[in-house]
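Asker: Show me the folded form of this:
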Amino acid sequence: MKSDIEGFFGKYGGRYIAEALRPSLIELDEGFKRYINDPEFLKEFNYILKNFVGRPTPLLYAENASKELGGADIYLKLEGLANTGAHKINNAIGQALLAKRLGKTRIIAETGAGQHGVATACACARVGLECAVFMGEVDIARQRPNVFWMEMFGAKVVPVTSGTKTLKDAVNAALREWSERSVDTHYLLGSALGPSPFPDMVREFQSVIGKEVRKQFAEYRNGNPDYMVACVGGGSNAIGFFNEFLGDRNIRMIGAEAGGISDAPGKNACRIAGSIGKLGIVQGYKSIFLQDDDGQLLSTHSISAGLDYAGIGPQLAYLAEIGRIEFRSIRDNDVLGALKFFARTEGVIAALESAHALAAAMKLAKEIGRGKTIVVNVSGRGDKDIFITAGAMKDPNWIEFLKTESKRYE
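Answerer: Numbering: from 1, shown residues only. Next comes the predicted model:
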């Protein structure tokens, strides 16, 4: 499923940008449409996915978890086993190669949880491009390990001190930078949102996930899974996972949003599953956003830095409107519970973002019962979250370790 000629999915999407960026987006659109069908480009892209990213990532039958839950059979698409630990690398490699063919020598990106920033820095190191990553001060503080790795890859991490100092502000800062320096710079947007052609471009580079799932699931069972579940922030892992199966109407698709700690404004990041998401135009595209009556974005909360964005990709908003994807709100406590459960039963430590999808799958498995199948996109692994997770679980040994390490450094 692609956007129409104007970059819309129904009433969502489009290209609402300043005139200064219009030439860059037209150049990008034309370049993407040319190279996405170019055999030499695809050959290089697929070569790097195989030999550098480590694709295909496994599809694991979660036999122990399924038995303990006593319901549907659960399968886990382990994107966390890709190089850099998440699905973000697929799109980063694709856009970096595209930018190089368009004559760009520098990449800028935004990041929230840091996985997109790490993937972008890694991709730039691999293909030989200068890299700067904009990241909110709040996210820098809570995702320090990823900041360390970005800098190891040679990227410059630029702190964003405006607004809420999180992902939406990092996006704004990156867009401003791009408008001022677009001649040699490509903005490598990490999610399936923003002005056209970004939603189409990110979806296509991430669609490798769903294509692999179709082949891998057929090795376990005849036919397709009954349900597919993915977490949804902006939507890159979800649309890459779902896209291959959108035409299979017998498959039910579930998007897990950040339910945070309550339904109150500012305490969650539910654009679709909540009741206060509104149609708006923000950061170059039209979609559903958490905003007040004056159109100002509301504060959000999630235990996961990658899901606290106030908007959602336009294609996912459209698919929600037509009923193709159902969205569910997942509380922080359920996320931690799912993280512990799958670590204990399957030896899989999921990213906090992905644990939203796992929590949704646990509930779903009991609802639909035996004989049904669920595939979950475990979009990343949880190494990056250890400071948040251990703190949230109030592990006394971890707290003592931090105190000891602090004293040792001093």
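Asker: And A96, how close does it get to G128?
Answerer: 9 Å (C-beta to C-beta, to the nearest Å). Quick note: C-beta positions are derived from backbone N, CA and C, even for glycine.
Asker: Over to N333?
Answerer: In terms of C-beta to C-beta, N333 sits 45 Å off from G128.
Asker: Settle it for me: which of those two has more neighbours?
Answerer: Each of N333 and G128 has its neighbours counted (other C-beta atoms under 10 Å); N333 has more, 13 against 9.
Asker: Wasn't that one part of a helix?
Answerer: Yes - in this structure, N333 lies within a helix as judged by DSSP: H, G, I helix; E, B strand; the rest coil.
Asker: List the contacts of G112.
Answerer: 135-136, 139, 166-167, 170, 233, 305-306, 308-309 (C-beta atoms under 8 Å, 6 or more residues apart in numbering).
Asker: With respect to pLDDT, which of these ranks lowest?
Answerer: Taken together, these show their lowest pLDDT at L167, with 79.
Asker: check contacts around that residue.
Answerer: 110-112, 136, 139, 305-306, 308-309.
Asker: Which members of the contacts of G112 are the farthest-apart pair?
Answerer: M135 and G233 (15.0 Å; C-beta to C-beta).
Asker: isn't N146 right next to T120, touching?
Answerer: No - judged on C-beta atoms under 8 Å, N146 makes no contact with T120 at a distance of 11.2 Å.
Asker: Out of the contacts of G112, which sit inside helices?
Answerer: Mapping the contacts of G112 onto helices (DSSP state H) picks out 139, 167, 170.
Asker: wait, which of these is closest to V348?
Answerer: Among the ones in helices among the contacts of G112, and counting by C-beta to C-beta, the member closest to V348 is D139, at 24.4 Å.
Asker: Which of N146 and T120 has more residues huddled nearby?
Answerer: T120 (33 against 29).
Asker: That one contacts E110, correct?
Answerer: No - contact criterion C-beta under 8 Å: T120 and E110 do not qualify, at 9.2 Å.
Asker: For whichever strand or helix holds A360, buried residues please.
Answerer: Here A360, judged by DSSP states H and E, is contained in helix 352-368. With burial defined by 16 or more other C-beta atoms under 10 Å, the residues of helix 352-368 counted as buried are 352-365, 368.
Asker: Ok, stretch 237-253 next?
Answerer: Neighbour-count burial for stretch 237-253 [16+ other C-beta under 10 Å]: 237-246, 251-253.
Asker: And stretch 287-307, by the same measure?
Answerer: 287-291, 297-298, 300-307.
Asker: residues in contact with E6?
Answerer: Contacts of E6 by C-beta under 8 Å, 6+ apart are 13-15, 196.
Asker: Return the subset of the residues you listed lying in helices.
Answerer: Among the contacts of E6, no member falls in helices (DSSP H).
Asker: Scan these and report the most crowded one.
Answerer: In the contacts of E6, the most neighbours by other C-beta under 10 Å go to G13, 29 neighbours.
Asker: Distance of that one relative to L175?
Answerer: 17 Å.
Asker: contacts for stretch 37-56?
Answerer: 35-36, 81-83, 89-90, 93-94, 97-98, 101, 126, 208, 212, 215-216.
Asker: Buried members of these into ChimeraX, please.
Answerer: Restricted to buried positions by 16+ other C-beta under 10 Å, the ChimeraX selection for the contacts of stretch 37-56 reads:
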select :35,36,81,82,83,89,90,93,94,97,98,126,208,212,216
